[in-house]
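Participant: Here is the input, now give the coordinates:
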Amino acid sequence: MRRADLLIATLALALNTANAFYLPGVAPRAYYKGELVPLLVNRLDSTESIIPYDYYHFDFCEMGENPLTGEHNPKEGANVAENLGQILMGERIRHSPYEIRMLEDVICKPVCFRNYSHGQQFTKQNKKRRWKQIASAIKKDYMHHWIIDNLPAVECTSNCRGGQSFDHDVERDVHVFPYYRLGFPVGCAIGPARKSMTVCTVNTIANMYPEEIFLNNHVDIIIDYHQSTEFTGSRIVGVQVNPRSIGHKDVNNLNCGKGQDPQPFRLDVDHSNLQFYYTYSVYFRASELKWASRWDSYLQSAENTSIHWFSIMNSLTIVLFLSGMVGVILVRTLHKDIARYNNIQESPEETQEEFGWKLVHGDVFRPPGNAMMLSVLLGSGSQILIMILITLFFACLGFLSPATRGGLMTAMLILFVFLGTPAGYVASRLYKMFGGEQWKTNVLLTSFMFPSVIFAIFFVLNLVLWAKESSAAVPFGTLVALMLMWFLVSVPLTFVGAYMGFKKPPIEHPVRTNQIPRQIPPQSIYTQFLPGILMGGILPFGCVFIQLFFILNSIWGHKLYYVFGFLLIVFLILVITVIESTILLCYFHLCAEEYRWWWRAFLTAGSCAGYLFCYALVFYWRRMEVEGLTNFILYLGYTFCMSLCFWLMCGTVGFFGCFAFVRKIYAVVKVD
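Facilitator: Take a look at the predicted model:
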């Protein structure tokens, strides 16, 4: 009992440490009064569309525009250096025309002027098409994502004042944290155009402008800063944006106070001309929050951690159930079998009446059909398994926190490339154990088969994104860089691993294989091929489906996912569950004298990927608001790639667990 309590306490401490630990190696930046604070703009995304867009894809304010002086020399902001993960995730960070200086408030400053006409031709500037793009973005709830000092700008949507609130469940006052969402909407909608969660909250708007859309052409930027005697200057610890729609009439008489008439974003025959200004205000607010804790307010707005604990308890229940069944088999049934098989006092008559897994000892290690493909899949699965383990380990230490944009994707990609050596080694060792001789084909398939499938799907999806002018379309130079990493790094390392594997002596089995295969008796329905495989994936999927919901919600809902400590625990529970369920079914098959377990072990363990794919489709239809064939194709392609990786990883885990189990039980049986 003490050991169990100590283990639980250690896990809780590790999770708290992982959640509170800030990214190592990141130094805080202190700004002096009057120093320029860059405001960066990122891609625009939506929960109603999978396709993100660059900020300058729309007709927003650009650098070089000044409505006060009449200067109009627009140019896109310079690109900010991005890592490989950011590019693959579709992030496009640019400099913006918004000028902010430390501790200098700005009140209702104009940025640019826009003028649209219903009969306007497609000229170089202010095209009517650009108006349609912004109107469509408002209706689809596209969100701006701004960055100041590596902090994402957030909008407070509820409990903005915080404070105390009475909780009826615990019957006491609890502290209520404000709820922030990343980014802020391009505009808001009323009436038939409203589908998203972003709606105009001013009560009078619905009465004055029925069935209308509005552009958020003004933003109040609130920057929290912290000062201390420990350093010189001010550190930014929070960025909040309050977007509003204001119908400015005159650039020389701007009023950004509350209660101003909104800016309808309509352009039709009855409203043939649309003119408006983009403005902004900046307010600095002192805060006691320290720089090292500035991400806490963002993370507190994420999902409650209690549901993650429920996910872990659900997974542990399944593990305990499986462990009990496996324990009964190993301790009671299997122990009795081995004792009976090894009893030298048995008479010949009793020996002839024996049945079960010992009778197939001469066939259990017979090489499987299509051993080449099985060894290649196991090699790629080992590569993915090691990549995920290392990634989760460093993520728990804080190296892949939300502050490191694109760090998670970059780490996984780099690790996969450099883990070609284990893939080649595992594939070659198993292929040699199966008696294969075409080692060149084995190495080439290990190097190219799985990456080729992923790259082909990614390339087709990239063409779709390119046709839609999306920021998620990977540039040609990045594709070339990925190809070079594949051919110049991953492939040679795979050959090195294969060379090391083929140089090793073949793995010896504990029993000899008969020359003539044994006839397999008729099987019951639960030991047949397809039903046995489908049953094997139910319990492993049950361990992860709750955590899978949060992962999908984070990816497609554009939310922060930071509970890598929980994810690591669930992943380890998944590994244990996959091994135990595969061993359990493998034992039943061997007892039924079905000795063809090689492929069955891999497919049984990997079948939970099929349930994952089906669950992702249900998530798409039930939880997401996206529409259109393009969005469905993109979602289907990305989900298939994720499910394929999950299939290879789980299949590999189950295979090696079953392989160790079979070798162990036949090694302790005396065979004449």
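
Participant: Could you use CA atoms for every contact and neighbour count after this?
Facilitator: Will do.

Participant: so what's the closest residue to P67 other than its chain neighbours scoring on pLDDT?
Facilitator: Among residues not flanking P67 along the chain, C112 sits closest, at 5.3 Å (C-alpha to C-alpha, 6 or more residues apart in numbering). If you check C112, the pLDDT there is 89.

Participant: Shouldn't C112 be within a helix?
Facilitator: No. Applying DSSP: H, G, I helix; E, B strand; the rest coil, one finds C112 to be strand, outside a helix.

Participant: That one contacts C61, correct?
Facilitator: Yes. C112 is in contact with C61 according to C-alpha atoms under 8 Å; the separation is 5.7 Å.

Participant: Now W556. Nearest residue, chain neighbours left out?
Facilitator: Once flanking residues are discounted, W556 sits nearest to T47: 6.7 Å by C-alpha to C-alpha, 6+ apart.

Participant: Now do the longest helix along the chain: which elements does it pack against?
Facilitator: The helix spanning the most residues in the chain, taking DSSP state H as the definition, is helix 629-667. Packed against helix 629-667 by the contact rule (3 or more C-alpha pairs under 8 Å, 6 or more residues apart in numbering; DSSP states H and E) you find strand 49-53, helix 371-396, helix 439-467, helix 564-591, helix 598-606, helix 608-622.

Participant: what is the orientation angle of it with helix 439-467?
Facilitator: Using axes from the mean of the first three to the mean of the last three C-alpha atoms, to 10 degrees, the inter-axis angle of helix 629-667 relative to helix 439-467 is 160 degrees.

Participant: Averaged pLDDT, helix 629-667. What do you get?
Facilitator: Computed over helix 629-667, the mean pLDDT rounds to 94.

Participant: how far does that helix sit from the chain's center?
Facilitator: Chain-centre distance of helix 629-667: 17 Å, with C-alpha atoms, centre = their mean, to the nearest Å.

Participant: Likewise for stretch 32-47?
Facilitator: Relative to the centre of its chain, stretch 32-47 is centred 24 Å away, using C-alpha atoms, centre = their mean.

Participant: Next, show the common contact partners of C112 and C61.
Facilitator: Y278 (C-alpha atoms under 8 Å, 6 or more residues apart in numbering).

Participant: Quickly note the distance from the residue nearest to W556 to C156.
Facilitator: 18 Å (C-alpha to C-alpha, to the nearest Å).

Participant: secondary structure class for Y595?
Facilitator: Going by three-state DSSP: Y595 is coil.

Participant: from what I can see it touches V364, true?
Facilitator: Yes. At 5.0 Å, Y595 and V364 qualify as touching, with contact defined as C-alpha under 8 Å.

Participant: Those two: who's more crowded?
Facilitator: Using other C-alpha atoms under 10 Å as the criterion, Y595 and V364 rank with V364 on top: 28 against 25.

Participant: and that one, what does it touch?
Facilitator: Listed by C-alpha under 8 Å, 6+ apart, the contact set of V364 reads T513, Y595, R596, W597.

Participant: how about a cut-off of 10 Å?
Facilitator: Contacts for V364 (C-alpha atoms under 10 Å, 6 or more residues apart in numbering) come out as 357-358, 509, 511-514, 517-518, 590, 593-598, 662-663, 666.

Participant: Any of those residues buried? List them.
Facilitator: Burial by neighbour count, 16 or more other C-alpha atoms under 10 Å: within the contacts of V364 this picks out 357-358, 511, 513, 518, 590, 593-598, 662-663, 666.

Participant: Pull the most distant pair out of the residues you listed.
Facilitator: Across the buried ones among the contacts of V364, the longest distance by C-alpha to C-alpha is 19.1 Å; it joins R518 and R663.

Participant: any idea how far I633 is from L322?
Facilitator: For L322, the distance to I633 - C-alpha to C-alpha - is 38 Å.

Participant: Looking at those two, which is more packed in?
Facilitator: The residue with more neighbours, out of L322 and I633, is L322; 20 against 13, by other C-alpha under 10 Å.

Participant: from the helices and strands packed on helix 629-667, which stretch is densest packed?
Facilitator: Each of these was scored by mean neighbour count; the highest is helix 598-606, a mean of 27, by mean count of other C-alpha atoms under 10 Å.

Participant: starting at the chain centroid, how far to the longest strand along the chain?
Facilitator: Across the chain, the longest stretch assigned as strand under DSSP state E is strand 273-286. Relative to its chain's centre, strand 273-286 lies at 35 Å (C-alpha atoms, centre = their mean).

Participant: Buried ones in it, by neighbour count?
Facilitator: Using 16+ other C-alpha under 10 Å as the test for burial, strand 273-286 gives L274, F276, Y277, Y278, T279, Y280, S281, V282, Y283, F284.

Participant: re earlier: of all the helices and strands packed on helix 629-667, which one is nearest P243?
Facilitator: When the helices and strands packed on helix 629-667 are compared by C-alpha to C-alpha, strand 49-53 sits nearest P243, at 19.7 Å.

Participant: tell me the angle the closest one makes with helix 629-667.
Facilitator: If you take the same axes, to 10 degrees, strand 49-53 sits at 110 degrees to helix 629-667.

Participant: following strand 49-53, which helix or strand comes up?
Facilitator: Heading C-terminal from strand 49-53, the first helix or strand you meet, by DSSP states H and E, is strand 63-66.

Participant: and that following strand, what other elements does it pack with?
Facilitator: Packing contacts for strand 63-66, counted by 3 or more C-alpha pairs under 10 Å, 6 or more residues apart in numbering; DSSP states H and E, involve strand 71-75, strand 106-117.

Participant: What residues sit buried inside that strand?
Facilitator: Buried, per 16+ other C-alpha under 10 Å, within strand 63-66: M63, E65, N66.
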